[in-house]
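turn this into a model:
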Amino acid sequence: MRVDTLPPDYLERVYAGVLGKLIGVYLGRPFEGWTYRRILEELEPIEDYVHERLGVPLVVADDDVSGTFTFIRALEEHGPRADLSPQDVAKTWLNAIIERRTILWWGGNGVSTEHTAWLALKRGVKAPISGSIGLNGATVAEQIGAQIFIDGWALVAPGKPQLAARLARAAASVSHDGEAVHAAALLAAMEAEAFLTRDVGRLLKTGLSVVPADCLIAKVANDVRAWRGEFSDWRDARAAIEARYGYDRFPGNCHVVPNHALIHLALNYADGDFGRALTIVNTSGWDTDCNSGNVGCLFAIMLGLDGLDAGRDWRGPLADRALISSADGGYAVNDAVRLAYEIANSGRALAQAAPIEPPKGGAQFHFSLPGSVQGFGAICDSDGAELSVAHGRIDGVPALSLSLEGLEPGEAAAAMTPVFTPPDVVKMRTYDLQASPRLYPGQRIAARLIGDKPNRGAIAARLRVNVYGRDDRLEPIDGPAVDVAPGEAREIEWTAPDLEGRPIQAVGVALSARDERAEGRLWLDRLGWGGAPDVRFRRPAAPGEFWRRAFVNAASGFDSPPGAAFRLSQDRDLGLLITGARDWKDYRVSAAIVVHLGSSAGLVARARGLRRHYALVLARDGFLRLVKTRDDAKTVLAQAPMPWKLDIAYRLTFEVVGRRLVGLVDGLERLSATDETPEAFESGGAGLLIADGALSTEEIAVTPV
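Coordinates of the predicted model:
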């Protein structure tokens, strides 16, 4: 792909596609698996979000979102190559998926297609054999999963349907085969072509060009297109789909063919209307979140942000938010802007184009894309005050508008965005959310605020974090206040304080009145943080459970008995407990660990998943080792004799600075190494490691070097 073939609005169209996927999935998720008749009887035609009517959160952990935006990271892990192989994507699976906890529907071997394929990969079966009909049978291999994860492959191949189909086939064949892979390729090709056209006939022709003419998926696409000419009402065409391709015609829990047919139903009958497409595909039933996510992405790419915004307010309730449950905890609480920039940069790398420069100095929240709010919402202390949060522009620069009315002295209102698991995670069903905070004590938070020129006076502003406190209630903690005068731009900074083991759930800006009623508008130009954390993870004094949720748990057991805030056990192989984010670079991780049983135990640093990290380990053979794990390869970077005993505490300290790694035991340097390879890990989270046994510790410290 040549650089000059990238659409001039490529980034915005990727953003639209990401939003379309999220809107579609979260719209269809509450009634996934319902029949057409039940939907009409209990919900009527789906024309808006229904989560509140069904008593569930809107933004939830879901396989469609988690898989789509995790598996595309194979381009980062294995290189932005057009010839990315199924085995490359399989390695990303093994790095990101925690057994029975992340991404997949863990429905059982021979029942859940992805679960079945994952077990094969763990046994050492290579992709694409892992997903083949020959290994797993046609019923397992031809369920829907291949199709639901493909949108990212189209987003990195704008206007290149053959490339999108090739990448989608490689990714799909990790777990699927036959008609399921054809469906994935056809849909990816249509989405890639949607960057160039809104012509449904052209999209269909493009999709059909990448699958065998005699395959069942091609027949489905052609039949639905023909019914468009026969039936003026989509409901009649849906009845024809159910009669010929309904669930009763295919084995398994969720076969691809019926659901693929509904995607074509929406494409043919929506007349280029995003909201109508979602109404058709969701009201039609079956696997609503999967089908709606694919349709939402396709139509959003095709129509762009203007088409997405043309009708009902789909974006407002979503507020750009996304949850992605994987072994990368710092990627879990996410937003559509962050995802769009990462995916667009993968597409640019495939096109051999330079990456997009990070906006506004690399701030995590910069509001640079049209209409973006990046999860920010308003919280008011008083019923009489009102704070509205919206995207806008100040002096031509995109920013977040914070409009304030009726705030009396002593009251406060805040604009906050989540950086860790929300409280309503306890209401989420089916899928677990493994997450770590993005922001930690010791990191320096910075924001730039601008006072609106028409304001009557200064408005006091301060940085704020919400933390999980007693009984997991959110408690605000504020930095020092500054006055922002009309027309004035102020930079405010604050180092997140020690929180005694309590995790930060949200970050933002709190506004307050000084001596008189505060009204007017401030503009939040950017907000971000940097530097190494300075944090001691321990059991907080106040009761609660969310402090334990701050760790990605990839071990058989994790509990907190008296005297040990962290007790980790692993039945077989390697278990990990990780916190932190990929922006952690140079730091020191330390813990006084007691090994109760195990072949190896210790600390991990710069963890970028389950199979990409450095480790300082005590090995049962009497050695202390620095070990690098990269996918299937383990490399001993340094080792030294270290006699040690079970049930004795040893303080291990692991320093990572640049490419130099240093291991200390009880304060004494015992070994070091330098990783000069091109595959060195430059950043990542930290935590504990145990193999075939158990360890415990009262505290884990991560501090600057």
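
pretty sure residue 627 contacts residue 618?
No: look at residue 627 against residue 618 with CB atoms under 8 Å: they stay out of range, at 11.3 Å. Heads up, the C-betas are built off the backbone N, CA and C, glycines and all.

and these two? Which one has more around it.
Counted by other CB atoms under 10 Å, residue 627 and residue 618 do not tie: residue 618 has more neighbours, with 25 against 22.

confirm the more buried one sits in a helix?
No: according to DSSP: H, G, I helix; E, B strand; the rest coil, residue 618 belongs to no helix; its state is strand.

walk me through the domains of the chain.
Listed by automatic domain parsing, the domain ranges of the chain are 3-330, 377-530, 551-703.

so for residue 351, which of these sits nearest?
domain 3-330 (5.3 Å; CB to CB).

hmm, back to that, out of the domains of the chain, deepest packed?
domain 3-330 (a mean of 22; mean count of other CB atoms under 10 Å).

any chance you could read off phi and psi for the residue nearest to residue 548 when sequence neighbours are not counted?
Leaving aside its sequence neighbours, residue 548 sits nearest to residue 560 (CB to CB, 6 or more residues apart in numbering; 6.6 Å). According to degrees, to the nearest 10, the main-chain angles of residue 560 amount to phi -140, psi 80.

do residue 431 as well
Note on residue 431: backbone dihedrals following degrees, to the nearest 10 are phi -110, psi 130.

how close does the residue most central in space within the chain get to residue 348?
The centre of the chain sits closest to residue 324, judged by CA atoms, centre = their mean, with a distance of 2.9 Å. To residue 348, residue 324 is 22 Å away according to CB to CB, to the nearest Å.

try residue 554
In terms of CB to CB, residue 554 sits 32 Å off from residue 348.

returning to that earlier point: right, and the residue nearest to residue 548 touches residue 568 too?
No: with contacts counted by CB under 8 Å, residue 560 stays clear of residue 568, the gap being 10.4 Å.

would you put the C-alpha positions of the helix or strand containing residue 27 in CSV?
For residue 27, the host element (DSSP states H and E) is helix 10-28. The C-alpha trace of helix 10-28 is given here as CSV (Å, rounded to 0.1, in the frame of the first residue of the first chain):
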residue,chain,number,x,y,z
TYR,A,10,-8.2,8.5,7.5
LEU,A,11,-7.9,9.1,11.2
GLU,A,12,-11.4,10.5,11.5
ARG,A,13,-12.9,7.6,9.6
VAL,A,14,-11.1,5.2,11.8
TYR,A,15,-12.5,7.0,14.8
ALA,A,16,-15.9,6.8,13.3
GLY,A,17,-15.4,3.0,12.7
VAL,A,18,-14.3,2.5,16.3
LEU,A,19,-17.3,4.5,17.6
GLY,A,20,-19.7,2.5,15.3
LYS,A,21,-18.3,-0.8,16.7
LEU,A,22,-18.7,0.3,20.3
ILE,A,23,-22.2,1.8,19.8
GLY,A,24,-23.3,-1.3,18.0
VAL,A,25,-22.0,-3.8,20.6
TYR,A,26,-23.2,-1.8,23.6
LEU,A,27,-26.6,-1.3,22.0
GLY,A,28,-27.2,-5.0,21.3
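
tell me what it is packed against?
Here helix 10-28 touches helix 63-71, helix 151-155, helix 274-283, helix 288-308, helix 315-318, strand 321-323, helix 336-350, going by 3 or more CB pairs under 8 Å, 6 or more residues apart in numbering; DSSP states H and E.

burial count for residue 375?
Neighbours around residue 375, by other CB under 10 Å: 25.

ok, and the closest non-adjacent residue to it?
residue 417 (3.9 Å).

need the pLDDT of the one you found.
Looking at residue 417, its pLDDT is 98.

my guess is it contacts residue 372, does it?
No: the criterion here is CB under 8 Å, and residue 417 misses it with residue 372 at 11.3 Å.

before we move on, the earlier item: give the contact list for the residue nearest to residue 548.
By CB atoms under 8 Å, 6 or more residues apart in numbering, residue 560 lies in contact with 539, 548, 566-567.

would you turn those residues into JSON lines with secondary structure, pLDDT and distance to residue 301?
What follows is those, written out as JSON lines (DSSP: H, G, I helix; E, B strand; the rest coil; pLDDT from 0 to 100; distance: CB to CB, whole Å):
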{"residue": "539", "secondary structure": "coil", "pLDDT": "96", "distance to residue 301": "47"}
{"residue": "548", "secondary structure": "helix", "pLDDT": "97", "distance to residue 301": "40"}
{"residue": "566", "secondary structure": "strand", "pLDDT": "98", "distance to residue 301": "45"}
{"residue": "567", "secondary structure": "strand", "pLDDT": "98", "distance to residue 301": "48"}
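
and the residues you listed, which is closest to residue 331?
For the contacts of residue 560, the residue nearest residue 331 by CB to CB is residue 548; the value is 19.3 Å.

isn't that closest one up against residue 558?
Yes: contact criterion CB under 8 Å: residue 548 and residue 558 qualify, at 7.3 Å.

show me the contacts for residue 216.
Residues near residue 216 by CB under 8 Å, 6+ apart: 179, 182, 257.

repeat the analysis, applying 10 Å as the threshold.
Neighbour list for residue 216: 142, 178-179, 182-183, 245, 250, 256-257, 260 [criterion: CB atoms under 10 Å, 6 or more residues apart in numbering].

and those residues, which of them are in strands?
Nothing among the contacts of residue 216 maps onto strands, per DSSP state E.

closest to residue 682 among those residues?
Closest to residue 682, out of all of these and judged by CB to CB, is residue 183, at 38.2 Å.

so the closest one touches residue 176, yeah?
Yes: counting by CB atoms under 10 Å, residue 176 is a contact partner of residue 183 at 8.9 Å.

which neighbours do these two share?
In contact with both residue 183 and residue 176: 142, 144, 146-147, 256, using CB under 10 Å, 6+ apart.

then stretch 659-677 to CSV, C-alphas only?
This file holds the C-alpha atoms of stretch 659-677, laid out as CSV (Å, rounded to 0.1, in the frame of the first residue of the first chain):
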residue,chain,number,x,y,z
ARG,A,659,18.2,-1.6,28.6
ARG,A,660,20.0,-2.5,31.9
LEU,A,661,18.4,-5.0,34.3
VAL,A,662,19.6,-5.4,37.9
GLY,A,663,18.6,-8.0,40.5
LEU,A,664,19.1,-7.5,44.2
VAL,A,665,18.4,-9.8,47.1
ASP,A,666,18.1,-8.3,50.6
GLY,A,667,19.6,-5.1,49.4
LEU,A,668,22.7,-6.6,47.7
GLU,A,669,23.1,-6.6,44.0
ARG,A,670,23.5,-10.2,42.9
LEU,A,671,23.3,-10.0,39.1
SER,A,672,22.7,-7.7,36.1
ALA,A,673,22.3,-7.9,32.3
THR,A,674,21.8,-5.6,29.4
ASP,A,675,19.3,-6.5,26.7
GLU,A,676,20.8,-5.1,23.4
THR,A,677,18.4,-7.0,21.1
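
quickly list what's touching both of residue 560 and residue 568.
Counting by CB under 10 Å, 6+ apart, the shared contacts of residue 560 and residue 568 are residue 696.

circling back: name the residues contacting each of residue 417 and residue 372.
319-320, 335, 365, 400.

residue 530: which of the contacts of residue 216 is nearest?
residue 183 (43.6 Å).

now do residue 4, the pLDDT please.
55.

again, but for residue 344
Reported pLDDT for residue 344: 98.

right, and it touches residue 157 too?
No: here residue 344 does not reach residue 157: they are 11.8 Å apart, not a contact under CB under 10 Å.

surely residue 584 and residue 705 touch.
No: counting by CB under 10 Å, residue 584 sits too far from residue 705 to count as a contact (11.5 Å).
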